Each structure stands twice: as structure tokens, then as C-alpha cells.
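Chemist: sequence first, then the predicted structure, then my questions.
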Number of protein chains: 2
Amino acid sequence: MQRTDFSEMACSIARTLDVIGEPWSPLILRDIWVGFSRFEQLQADLGISRKVLTERLNHLVDRGVIERRPYDQRPRYEYVLTGKGRELVDVLMVMVAWGDKWLAGTAGPPVLYRHHACGEISHVDLVCAHCGKPMHADDIDVLPGPGAAA
Amino acid sequence: MQRTDFSEMACSIARTLDVIGEPWSPLILRDIWVGFSRFEQLQADLGISRKVLTERLNHLVDRGVIERRPYDQRPRYEYVLTGKGRELVDVLMVMVAWGDKWLAGTAGPPVLYRHHACGEISHVDLVCAHCGKPMHADDIDVLPGPGAAA
DNA sequence: CCTCTGGGTTCCTTGAAGGAACGCTAACAT
DNA sequence: ATGTTAGCGTTCCTTCAAGGAACCCAGAGG
């Protein structure tokens, strides 16, 4: 954990960072999303320290984005996304879209996403949940909300 | 910077984390987005160490998501988003939507977003850039792309 | 010439990440 | 009954980044 505690800030970005803001956490979430569900798989795929992997998995379980459950009579466990965690993957998908566009270089994107609904290779775009039109950084006004800081 | 270098991984999430994955970076980006453009403003608003703020600003400038420019004859500078940086704000907007939904508690969201196009208080949603239908964690297949690891 | 302001830089302390070694449990093989 | 192996962590030590306070520098204004 970073030394400063973001979880108490009156900001949904800061609070979300309290869940996946630590190093490795987004990559762990990605791996679990695409099917690496066990400790050894995660450790091998990421090359992360076992100590840190343990800490991150516990943290993600505590925050309710993944669930730890036995898959054998022996003490064996797998980690799976909860509903809350599956929605958090939205953040990853937008990171992929941005990284593919700005950081992929000449080699092109490392992975492609095929959308079930249309069958095409595609990526995510952001729209307004209310009217369905594009919604990006310059398309909104930011106003104080009910949970604003005192 | 976290000790492990994410920038060389064949993963757009890891590469994006190399840009905004360090502690404070997303919050700095948020502040610049909403209009805190100067060093002193950022330091006072975030309560971040001046040393770390300097490091983060330099890093974000290096990666091309913000620009440092003088605003006075005196040695005074402000930081503004580049186009690349403005698109990166998409990631923040999705974090806000998720944090508002799952972490805001009874007090409600700390800030509200009003969409220019429809005038309503709203939040972002993810759709397929190709067909416009919803696109979330379970709506896609992940395939190897041209820039996949050897 | 003194002071003030914005924008950093230096230095010390604390604590998290890296990494290797070790431990624990339950099945299976000999 | 005694290895052996696989899966899942825990312990311990070293290194480096974050926190925080103090300091520095340039230019304008009194």
C-alpha cells in the first residue's frame, strides 16, 4: 500500500485507487479475468514476488472484487471475479483501448478483442449512460455532489 | 516508480500503468483536468509531498500526457493536458463511475457530471466502438494480436 | 535593498517491493 | 510407513521509493 491512504478521500477516483491502485493489482485482475485463477499460475505469469501476490490477493478479496474458493479436497484455492470485480474490468478495458492507441508502436496491439454481439475485432468507447452520445473529458461539467467534502 | 518496469510488457494495461500507475499520478491528472494547473495548487489540493509531485509531473510530461508551459515573465509554469492526456481521462471517468456505484456509501457521490449533449446528470458507459452495443468484461473474446509476445 | 511568491531541490526517516529460502498439507507412489 | 510431489503460502533480508520538513533561487514590487 502506498503510504497515503486514498480510501478516505471524497473522490471516487481515489477510492477506486484504494482498491486497485497498488502496483500489480490491475495486472492481477486482468489475469484472473482472462482465466489465470490459481496462485501458481498468477505468480508464474506475472513474475511477481510471492509475498506481494499474497498481499494483493488478500486485499482484493477484502474489497470484494475477487473471491477465494477451494477447488479440491486438498487445500487448493482459486480466485474468481465477483460481480463487483467484473464491473471493475471496465477500467482495464479502457486502459487497453488507450494503450493500444498510444503505446502499441509499430508492432500493433498485443491482444485483440472480439465483440460477441457483432463478431468484429473492436475496442470500447465511452458514451453517456443517459443519452448514449459520446462522453469524454471535455463533454461534461463537474458539479459538487451530495457526498462532497465538508 | 515501482521497482518492476511495466513498460516493456506486451500488455496495454501494463504499458498504461507505466504512465499513470504510480501513486498519485491519476489524482494529479484529475486535478489538472478539472483546472488545478499550477504546482502550488496541486500540492495544496492533494497534500502530496513536493518531491513526489515534482517527480510525477516530470514523468507525465515525459510521457506526453501533460505539457509544462510558462504563464508569466517570471519563472512561473502551468501544466495542461495534451490530446493524449485528455483521452487518458477516459480511464478516470470509468473509475469515477465504478467508485460512485460501489464505494460512495450512503452519502452519495462526491461529484456529479453533467453531460453537455443532453444536459443531464449522468456517468459513462462502455460500448463497442464498432457496433455501439454494450461491451463489458464478458462480452468479448481475447485473441492474440500482432504485437503479441514472442 | 528587503520581502514576497511560485516552483522547485535536498536530506533524513520510514516502510513497501524484490527475491530467495523455508514450511505446511494432502494425495500418491514405493 | 516412508518418500515424493504439487499447490499455496510465510519468513527474512536488502534495496529503493514515499513522506515530510527545511532550504534555495529568480524575478517583481515596495
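Modeler: Structure's in. What do you need?
Chemist: tell me if the helix or strand hosting residue A:31 is near DNA strand C.
Modeler: Remark: residue A:31 resides in helix A:25-34, with elements defined by DSSP states H and E. No: contact check for helix A:25-34 against DNA strand C, using C-beta under 7 Å from any atom of the strand: none in range, with a minimum separation of 8.9 Å. C-beta here means a position set from N, CA and C on the backbone, and glycine is covered the same way.
Chemist: does that helix come close to DNA strand D?
Modeler: No: counting by C-beta under 7 Å from any atom of the strand, no contacts exist between helix A:25-34 and DNA strand D, the nearest distance being 12.1 Å.
Chemist: what's that helix packed up against?
Modeler: Secondary-structure packing of helix A:25-34 (3 or more C-beta pairs under 8 Å, 6 or more residues apart in numbering or on different chains; DSSP states H and E): helix A:12-20, helix A:39-46, helix A:50-62, strand A:77-81, helix A:83-103, helix B:12-20.
Chemist: can you point out the buried residues in it?
Modeler: Using 16 or more other C-beta atoms under 10 Å in any protein chain shown as the burial criterion, the residues of helix A:25-34 that qualify are A:25, A:26, A:27, A:28, A:29, A:30, A:31, A:32, A:33.
Chemist: name the residues that touch that helix?
Modeler: A:19-20, A:41-42, A:45-46, A:48, A:53, A:56-57, A:59-60, A:65-66, A:79-81, A:85-86, A:88-89, A:91-92, A:95, B:6, B:11, B:13-14, B:17, B:21, B:137, B:142 (C-beta atoms under 8 Å, 6 or more residues apart in numbering or on different chains).
Chemist: out of these, which end up buried?
Modeler: Applying 16+ other C-beta under 10 Å to those, the neighbour count classes A:19-20, A:42, A:46, A:48, A:53, A:56-57, A:59-60, A:65-66, A:79, A:81, A:85-86, A:88-89, A:91-92, A:95, B:6, B:11, B:13-14, B:17, B:21, B:137 as buried.
Chemist: what mean pLDDT does stretch A:95-108 get?
Modeler: When the per-residue pLDDT values of stretch A:95-108 are averaged, the result is 95.
Chemist: can you check stretch A:140-150 too?
Modeler: For stretch A:140-150, the per-residue pLDDT averages 88.
Chemist: list the buried residues for that stretch?
Modeler: Of the residues in stretch A:140-150, those buried (16+ other C-beta under 10 Å) are A:140, A:145, A:147.
Chemist: anything in that stretch near chain B?
Modeler: Yes: contact of stretch A:140-150 with chain B (C-beta under 8 Å from any C-beta of the partner chain) involves A:140, A:141, A:142, A:143, A:144, A:145, A:146, A:147, A:148, A:149.
Chemist: out of the residues you listed, who's nearest residue B:70?
Modeler: Each of the residues of stretch A:140-150 next to chain B was scored against residue B:70 by C-beta to C-beta, and residue A:142 proved nearest at 26.7 Å.
Chemist: which phi and psi does the closest one have?
Modeler: Dihedral angles phi and psi of residue A:142 (degrees, to the nearest 10) take the values phi -100, psi 120.
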